[in-house]
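> output the structure for:
(one chain, ligands or ions: 1)
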Amino acid sequence: MQQKVEFEQRVHKALSDSQLRQNFRSTMDGLMAKRSQAFPDKERLEKLRLQGAQIRANALLKLPELLEQLEERCTANGIRVHWAETVEQANQAVLKIMQDHNATNLIKGKSMVSEEMELNHFLEQHGIEVLESDLGEFIVQLAGEPPSHIVAPAIHKSRQDIARLFQEKFPDIPYSEDVETLTRSARDILRRKFYEASIGLSGVNFAVAETGTICLVENEGNGRMCTTIPDVHIAVTGIEKVVEKLSDIPPLMELLPRSATGQHITTYFNMITSPRKEGEKDGPREVHLVLLDNGRSSIYEDPELMESLRCIRCGACMNHCPVYARIGGHAYGTTIPGPIGSVIEPQKLGLDRFGVLPTASTLCGACGEACPVRIPLPKLLNRLRFEQVRDDPPDNTMGKGSQRSIRESLVWNLWSWANTHPALYRLGCLFLTRLRGLVPKQLGVWTRVRKAPAIAPKTLHELAREMGIEDE
Ligand code: SF4
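Predicted coordinates for the structure are as follows:
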């Protein structure tokens, strides 16, 4: 209940911020238009989506064996693999690597898993300085905020907001609202930090089991610098990011940047298969891969909900979601916002705490149609709504049945009983139409933001009879 109240408060706050709504609306419109232009041939798009879905579904089908293969190949390549069942274990694994190298600062590339781990906060509590090097992440770190979009973390900020933030945090830099000048300032600050950092951390877009390769997609070059300049590179990822073969990557790469930002290809695509080898001039001397479960195994147990693990984190479902475009990412209160966040996060954090999220959807279907790996998001959102109120829930959905109310169950049972008994149904309809004036105009939460539906003066059967259509 607490989470629901807090969610509603965040939503109201977002909806009353016209600047925020404008920032989101214009950016989402731009991203949707770019995606559409990037896929001019709709037939080709559908073929690619099918291929992408099959690749990801195939990888999930073989997930346990692919993870073993990934560990084996990575280890053979000289990459050290760390398994973490919980966020705490993953944080401890990173901390241990830092401590083993007496490292006091970490430079990070973009990683949603590290956000899930709340790694920055954890490391800072242990006296380690953490710096985000992705421009959007750098901005939200300066502002002390979480990302509001998985691909564009500072999407909620206008350039004026960013100019004011830079002026506050770096008073020596002249005030400017020019995007290029702001980017150059950030670049100058970050460039120095790359050389000072002893350890770099990145996320993982795909981990290839066949070759033990970590793939990293990015536009700014900071990911490549995080993974090559410091002596040690740590990659953190969820266990679902594994794919079977290297040949699975090109179709996924054809889908990912186009779906995310409308780019045909990102500026950088990094493939990391080992630490620096004898005679090589650059690259880290140690590479670590932290594989995090944190509830994914439990999602995996349900054949339908498992489909959400196909996600390649392109953000297209958010960009196309009318709810996300109005309330923005922070309103969700979880690491991953939008439709996919509303499916994944309640499963990981519990339907009892985050069960309100699957209801933050109009079920218009836009998210499912935009998803490059065909995750049936509306179906999964509906399923979670059902899980919240069912009385015989399966064991693997945390917080199952938590929103069940006796009054509501009674109403629906009566409804279903009436609808399966024709005489009762007709009698009910007759009463409703004739006594419609007695139906209250205010129907609780339902009429808080909308009008109560007007009840027709005649039943459907009466209207049909008037038209000469007889009952069968
Ligand atoms: S659910 Fe689909 S559209 Fe949404 S982020 Fe994941 S891959 Fe992209």
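
> could you use CA atoms for every contact and neighbour count after this?
Fine.

> what's the nearest residue to the residue nearest the centre of the chain if we skip its chain neighbours?
When C-alpha atoms, centre = their mean is applied to the chain, the residue found nearest the centroid is residue 336 (3.5 Å). Distances taken as C-alpha to C-alpha, 6 or more residues apart in numbering put residue 150 closest to residue 336, at 6.7 Å, once the chain neighbours are dropped.

> show me the contacts for residue 159.
Contact analysis of residue 159 by C-alpha atoms under 8 Å, 6 or more residues apart in numbering lists 177, 178, 179.

> just those residues: which are in helices?
residue 179 (DSSP state H).

> just checking, the residue nearest to residue 336 touches residue 113?
No: the pair residue 150 / residue 113 is not scored as a contact, 10.5 Å apart, by C-alpha atoms under 8 Å.

> if I've got this straight, residue 233 is in a helix?
No: read with DSSP: H, G, I helix; E, B strand; the rest coil, residue 233 is strand and lies in no helix.

> that older thread, quick one: the residue nearest to the centre of the chain from the ligand, how far?
Applying C-alpha to the nearest ligand atom, to the nearest Å, the value for residue 336 to the ligand is 9 Å.

> quick check: that residue vs residue 361, distance?
Using C-alpha to C-alpha, to the nearest Å, residue 336 is found at 15 Å from residue 361.

> residues of the stretch 301-450 of the chain that sit close to the ligand?
311-317, 340, 370-373, 375 (C-alpha under 6 Å from any ligand atom).

> now with 5 Å?
311, 312, 313, 314, 315, 316, 317, 340, 371 (C-alpha under 5 Å from any ligand atom).

> just the ones of these in helices?
Among these, the members found in helices (DSSP H) are 316, 317, 340.

> residue 365: how many residues sit nearby?
16 (other C-alpha atoms under 10 Å).

> so where is this structure shaky, pLDDT-wise?
Within the chain, the ranges that satisfy pLDDT under 70 run 1-2, 393-397, 472.

> how does it divide into domains?
1-38+303-404, 62-294, 406-466 (automatic domain parsing).

> out of the ones you listed, which comes closest to residue 48?
domain 62-294 (6.8 Å; C-alpha to C-alpha).

> next one: phi and psi at residue 124?
The phi and psi values for residue 124, taken as degrees, to the nearest 10, are phi -60, psi -30.

> give the contact list for the nearest residue to it once chain neighbours are set aside.
Spatial nearest neighbour of residue 124, excluding adjacent residues (C-alpha to C-alpha, 6+ apart): residue 130 at 6.9 Å. Going by C-alpha under 8 Å, 6+ apart, residue 130 touches 105, 106, 107, 108, 120, 123, 124.

> the helix or strand in which residue 106 is found: partners in the sheet, and parallel or antiparallel?
Residue 106 is part of strand 105-108 when elements are defined by DSSP states H and E. Strand 105-108 has the following sheet partners, assigned by DSSP bridges: strand 129-132 (parallel), strand 199-202 (parallel).

> quick one: buried residues of the helix or strand following it?
Using DSSP H and E, the helix or strand that follows strand 105-108 in sequence is helix 112-117. Using 16 or more other C-alpha atoms under 10 Å as the test for burial, helix 112-117 gives 112, 113, 114, 115, 117.
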